[in-house]
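Undergrad: need a structure here:
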Amino acid sequence: MWRYERGCFTEEAFPLPEEARLLLVVNGEPWTSLSYTPGDEAYLALGHLYLSGVLPGLEGVKVRVAEGMVLVDLPQAPKRGLGVRDSGCAAGLRYGEPRLAPLPRVPLDPKLPITLLAELRARTQGYARTRGIHGAALFDREGRLLYLNEDIGRHNAVDRLAGFMLAEGVAPPVLVASTGRVSLEMAAKVVGMGAVLLASRTGATAPAVALANEYGLALATYVRPTGYRLYAPGGMLLEEKAP
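TA: Numbering: from 1, shown residues only. Model (predicted):
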């Protein structure tokens, strides 16, 4: 590649993010195809199906990862609803909604969003190399890192968190940090996982903020080392307002 700077081109080596196609096969039938970054395919498949309202749990479920596909056998045939294309890159089509319930009001330290994003930034090696990939991380309620992944699609990265929770038996409440914009679909995924805090490096849409307030999700955006914007308090311990 070439970099243009100060009126001239210079040749430069810079790695690009990996991108591949993953086919999800449910009960022997093609379900959907995702553009994704290779890795942890079983977590991605389980999380995507769970947060689409297709997979209620792991009881009776069989999962097999093959070349370019994940085969998931469910005890009952799932219903395929109207296909909806999410607003995130590489999100593909979804055919349902996560099952949402009001979140418990868990007291949270106001410094947690800064701590979570600092941990995410420090560990996202793919972003450091390519500057073209999203990261998402799962934490326990005290802010201890449980799992982190990177993907070209921010939805995929969050889906893997849900898949990890299912496969490893992690029970909510949990906390989530993400580098991507918080759309309505992203907020719904996080609430569906039972996360009580979502901290994002970037912003949120108006419907996402409304959903966070409705279900009690603490939503912190534009998180920087010095502070953040809290659009929905959830269980956050709000500090006294400056005079």
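Undergrad: sec struct for the spatially closest residue to Val54 that is not a sequence neighbour, please.
TA: Spatially, and ignoring its direct neighbours in sequence, Val54 is nearest to Pro78 (4.6 Å; CB to CB, 6 or more residues apart in numbering). Where C-beta positions appear, they are placed from N, C-alpha and C, glycine not excepted. Assigned by DSSP: H, G, I helix; E, B strand; the rest coil, the conformation of Pro78 is coil.
Undergrad: Now Pro78. Its backbone dihedrals?
TA: phi -80, psi 160 (degrees, to the nearest 10).
Undergrad: I'd like to know how many residues surround it.
TA: Residues contacting Pro78 under the criterion other CB atoms under 10 Å number 19.
Undergrad: Same question for Ile114.
TA: 18.
Undergrad: Could you report the separation of it from Leu16?
TA: According to CB to CB, to the nearest Å, Ile114 and Leu16 sit 31 Å apart.
Undergrad: Dump the longest helix belonging to the chain to CSV, keeping only the CA atoms.
TA: Longest helix in the chain by number of residues (criterion: DSSP state H): helix 154-168. Only the C-alpha atoms of helix 154-168 are listed here, as CSV (Å, rounded to 0.1, in the frame of the first residue of the first chain):
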residue,chain,number,x,y,z
ARG,A,154,-19.4,-5.5,15.9
HIS,A,155,-22.6,-7.6,16.0
ASN,A,156,-20.5,-10.8,15.6
ALA,A,157,-18.2,-9.7,18.4
VAL,A,158,-21.1,-9.3,20.8
ASP,A,159,-22.8,-12.6,19.6
ARG,A,160,-19.6,-14.4,20.5
LEU,A,161,-19.9,-13.1,24.1
ALA,A,162,-23.4,-14.6,24.4
GLY,A,163,-22.1,-17.9,22.9
PHE,A,164,-19.3,-18.0,25.4
MET,A,165,-21.8,-17.5,28.2
LEU,A,166,-23.9,-20.4,27.0
ALA,A,167,-21.1,-22.8,26.3
GLU,A,168,-19.1,-22.0,29.5
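Undergrad: starting at the chain centroid, how far to it?
TA: Its chain's C-alpha centre and that of helix 154-168 lie 7 Å apart, by CA atoms, centre = their mean, to the nearest Å.
Undergrad: Tell me the buried residues in that helix?
TA: Neighbour-count burial for helix 154-168 flags 154-166 (criterion: 16 or more other CB atoms under 10 Å).
Undergrad: same thing with stretch 99-106?
TA: Leu100, Leu103, Val106.
Undergrad: In contact with the residue nearest to Val54, which residues are there?
TA: Val26, Asn27, Leu49, Val54, Leu55 (CB atoms under 8 Å, 6 or more residues apart in numbering).
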